[in-house]
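> Generate a structure from the sequence data that follows.
(chains A, B, C and D)
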2 protein chains.
Amino acid sequence: MSFTHSVTADPEVDQEATALIDALVRTSFVTTAIISKIAADHDLSLTQLRVLAILEDRRVKMTDLADYLGLDKSTISGLIDRAQKRGLVERAPNPLDGRGVDVFLTKTGADLAQVGRVVIASALSPMTGVLHRAESERLTTLLERMLDGR
Amino acid sequence: MSFTHSVTADPEVDQEATALIDALVRTSFVTTAIISKIAADHDLSLTQLRVLAILEDRRVKMTDLADYLGLDKSTISGLIDRAQKRGLVERAPNPLDGRGVDVFLTKTGADLAQVGRVVIASALSPMTGVLHRAESERLTTLLERMLDGR
DNA sequence: TATTGTTATACTCTATAACTATA
DNA sequence: TATAGTTATAGAGTATAACAATA
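Numbers count the residues shown, from 1 in each chain, chains lettered A, B, ... in the order given. From the prediction side, this is the model:
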């Protein structure tokens, strides 16, 4: 199979596949840009904001965080160092594994996570608000089917 | 208006809005992760790959690149420095403005851009391929309406 | 005066490699 | 031996500020 030529015999199928991919990539860049902007407004990187979002409803080990974010554990150490220095998170020994270190939000971190979540929803609403209720539901369903089916 | 409370009186509308935002954010992170992985496989950052994609069908000024990517012009200087050192792009004086600098792909850069585009489509297909033809078309339409309507 | 681009600087993000401590 | 985490190191990405050249 070649990467530089069509994988199907039907040019119309290819055309629709390309259109979906373009829309998906555009959506991702626009959404990411909006979220990054909000993070920057609060002196956070996109990654730091994601850490807050992950920790908003759970206490996890450093390794779990690395898995969630797809980053190396050494990267997580630095990330958490900086967040901790800012008073957003705390470390504590994991009670079940003497090697493990748990991370969780401070009150300040939890507040910031909540603000972030609400502001993101608000910042995305000019985009999501374009759709009517039924369209919004259809879009949600399609995206969830695509994400969960892969 | 408060940011920490619902902006509507109808809790069902809020619930659907939240579901759409969650799906949108999840889609964006998954898509971005897939593209970043492909970039890394070719020793490129996500930003470098985006530069190649932008330049694939146009020659632009440094400032245009900054606008497209939403980055500072000084960031672009560094980005293009590194891409140029790798033989992916070239600089040339802009013929219409003595201050301007044009950027464009070399043959190597154009080849890499094309490979990137095809590999991305292939890497996203396990996700996009979950949907049937009609669903795929509906999703594309909804995303385009949302992006262009904002 | 305003715009275009570069450079110097500083900080964050990221991975690799080497290390310690625990399992 | 394998896993969890940290540290040192190096390079990329990013913005701010100061600058030179051109408009």
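
> what residue ranges in chain A score low on pLDDT?
Applying pLDDT under 70 to chain A flags residues A:1-9, A:12.

> Point to the residue nearest the middle of it.
In chain A, the C-alpha nearest the mean C-alpha coordinate belongs to A:R50, at 5.7 Å (C-alpha atoms, centre = their mean).

> do you know how far it is from DNA strand C?
Separation of A:R50 from DNA strand C (C-beta to the nearest atom of the strand, to the nearest Å): 9 Å. For every residue, glycine as well, the C-beta is placed using N, CA and C.

> which ones are touching that residue?
By C-beta atoms under 8 Å, 6 or more residues apart in numbering or on different chains, the contact set of A:R50 is A:L69, B:F29.

> Secondary structure class of it, three-state.
helix (DSSP: H, G, I helix; E, B strand; the rest coil).

> quick one, what contacts the residue nearest to A:G116 when sequence neighbours are not counted?
Spatially, and ignoring its direct neighbours in sequence, A:G116 is nearest to A:L49 (5.6 Å; C-beta to C-beta, 6 or more residues apart in numbering or on different chains). By C-beta under 8 Å, 6+ apart, the contact set of A:L49 is A:I35, A:I38, A:A39, A:H42, A:G116.

> now A:D111
Contact partners of A:D111, counting by C-beta under 8 Å, 6+ apart, are absent.

> and it, that one's in a strand?
No. Checked against three-state DSSP, A:D111 lies outside a strand; its state is helix.

> ok, how many other residues are close to the closest residue to DNA strand C within chain A?
Using C-beta to the nearest atom of the strand, the single residue of chain A nearest to DNA strand C is A:G98, 2.3 Å away. A count of neighbours around A:G98, defined by other C-beta atoms under 10 Å in any protein chain shown, yields 7.

> Shouldn't it be within a helix?
No. If the criterion is three-state DSSP, then A:G98 is coil and not within a helix.

> Can you show me the strands along chain A?
Applying DSSP state E to chain A gives strands spanning A:60-61, A:89-93, A:101-105.

> need the longest helix for chain A.
Assignment by DSSP state H gives helix A:11-41 as the longest helix of chain A.

> what about that helix, near DNA strand C?
No. Helix A:11-41 stays clear of DNA strand C (C-beta under 7 Å from any atom of the strand), getting no nearer than 8.4 Å.

> just the angle between that helix and helix B:11-41, please?
Calculated by axes from the mean of the first three to the mean of the last three C-alpha atoms, to 10 degrees, helix A:11-41 forms an angle of 100 degrees with helix B:11-41.

> Can helix A:11-41 be said to contact chain B?
Yes. Contact of helix A:11-41 with chain B (C-beta under 8 Å from any C-beta of the partner chain) involves A:13, A:16-21, A:23-33, A:35.

> Please type out the PyMOL selection for whichever of those turn out to be buried.
In PyMOL, a selection of the buried entries from those looks like this (16 or more other C-beta atoms under 10 Å in any protein chain shown):
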select buried, chain A and resi 16+17+19+20+21+23+24+25+27+28+29+30+31+32+35
